[in-house]
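Q: One predicted model, sequence on top.
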Amino acid sequence: MSAAKKEYKRITVKSLTEMKSHGEKIAMLTAYDYTMAKIVDRAGIDVILVGDSASNVMAGHETTLPITLDQMIYHASSVIRAIKRSLVVVDLPFGSYQSDPKEALRSAIRIMKESGGHALKLEGGSEIKESVKRILNAGIPVMGHLGLTPQSIYKFGTYTVRAKEEAEAEKLKQDALLLEKLGCFALVLEKVPSALAKEVAESLTIPVIGIGAGNGVDGQVLVMHDMLGMSKEFSPRFLRRYLDLHTLMTGAFEQYITDVKAVDFPNEEEQY
Ligand SMILES: Nc1nc(=O)c2c([nH]1)NC[C@@H]1CN(c3ccc(C(=O)N[C@@H](CCC(=O)O)C(=O)O)cc3)CN21
Ligand SMILES: CC(C)C(=O)C(=O)O
Ligand SMILES: [Mg+2]
């Protein structure tokens, strides 16, 4: 059993700040459905992200842009029914918060009311300042997300590392400070140089969770299906595969097919 498991009953946004001040790293993974969420919650994960990466992983879209608010609510409510201990953060999907702060708050309230999630994540800095403020004013905890923000992929053009140039690094630092000042409880930094991520983490009291941002930050997040090795194609440098589930599952499926064809399954004990 991990230290975190013993120390905290239910993870709250406050426990995360405490973990940072104690120097305990935060472990976060995505989940999009009941069965996976139950396993990762019982394993002792601190934070579950119902990511808009569901658009890629669950629905097979090329980007996160197509996923809808209704679909995010479906995934989040499935996750919520499984969890006992983890903090559940839900991504606000593309198009549900960018047009104006009132729409952002409406979308935020729908997710909180209809899914039972505990907090929301929005991509961006100063551009979405008013929306972040409104959501926070409604008593909804907000996690920021800077660096490679996949909802802006068509602005960037590629999924390469962000903020390598001084101007973009400077804006990122300013945005990080702004998000903390507004009252965000944590921040995700995606695909930025580790020295920059470390500097940001050290300049903030709220925890900084990295993905492709090195180990100088306060925690790590990965997409569950990536770390389980379910996909052979997605292979960025920052990914560590903890299982080769693709191979294991393929073997199981092939064996089942063979057994059915050979009338080996079901056997005497497996029928009535
Ligand atoms: N399965 C999955 N895992 C993720 O981590 C993830 C998603 N989907 N969907 C939403 C975003 C998109 N993310 C991404 C997407 C691509 C790279 C990436 O690094 N891709 C390639 C090419 C980069 C390049 O063009 O230089 C790589 O090999 O690094 C990283 C994060 C992270 N998120
Ligand atoms: C990669 C993480 C940070 C994310 O936003 C997602 O899974 O949607
Ligand atoms: Mg996301």
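A: Okay, I see it. Ligands and ions are numbered 1, 2, ... in the order given.
Q: all contacts plus neighbour counts: C-alpha atoms, from now on.
A: Noted.
Q: And the residue of the stretch 51-200 of the chain that's closest to ligand 2?
A: Among all residues of the stretch 51-200 of the chain, residue 51 sits closest to ligand 2, at 3.3 Å; criterion: C-alpha to the nearest ligand atom.
Q: Look at the residue nearest in space to the middle of the chain and tell me its secondary structure.
A: Central residue of the chain (C-alpha atoms, centre = their mean): residue 49, 3.6 Å from the mean position. Judged by DSSP: H, G, I helix; E, B strand; the rest coil, the three-state class of residue 49 is strand.
Q: Wait, the residue of the stretch 51-200 of the chain closest to ligand 2 touches residue 79, no?
A: No: applying C-alpha atoms under 8 Å, one finds residue 51 not in contact with residue 79, separated by 11.3 Å.
Q: Give me the common contacts of the two.
A: 31-32 (C-alpha atoms under 8 Å, 6 or more residues apart in numbering).
Q: Of these two, give the one with the bigger neighbour count.
A: Ranked by neighbour count (other C-alpha atoms under 10 Å), residue 51 and residue 79 place residue 79 first, with 27 against 24.
Q: that older thread, which residues touch the residue of the stretch 51-200 of the chain closest to ligand 2?
A: 30-32, 90-91.
Q: do you know how far it is from residue 92?
A: 9 Å (C-alpha to C-alpha, to the nearest Å).
Q: Other residues contacting the helix or strand harbouring residue 252?
A: Under the criterion of DSSP states H and E, residue 252 resides in helix 245-261. Helix 245-261 has contacts (C-alpha under 8 Å, 6+ apart) with 228-232, 265-266.
Q: Equivalent analysis for stretch 120-134, please.
A: The contact list for stretch 120-134 (C-alpha under 8 Å, 6+ apart) reads 89-92, 97-98, 100-102, 104-105, 108, 140-146, 149, 151, 172, 175-176, 178-179, 182.
Q: Which positions in the protein make contact with ligand 1?
A: By C-alpha under 6 Å from any ligand atom, the residues of the chain that approach ligand 1 are 53, 56-57, 64, 150, 158-160, 223, 226, 235-237.
Q: Pull out the buried residues from those residues.
A: 53, 56-57, 64, 150, 223, 226 (16 or more other C-alpha atoms under 10 Å).
Q: still on that earlier bit, residue 271: which of the contacts of residue 51 is nearest?
A: Set against residue 271, the nearest of the contacts of residue 51 by C-alpha to C-alpha is residue 32 (33.9 Å).
Q: On the three-state scheme, the closest one is what?
A: coil.
Q: Now for it: which residues touch it?
A: 50-51, 54, 58, 75-76, 78-79.
Q: swap in residue 266?
A: residue 260.
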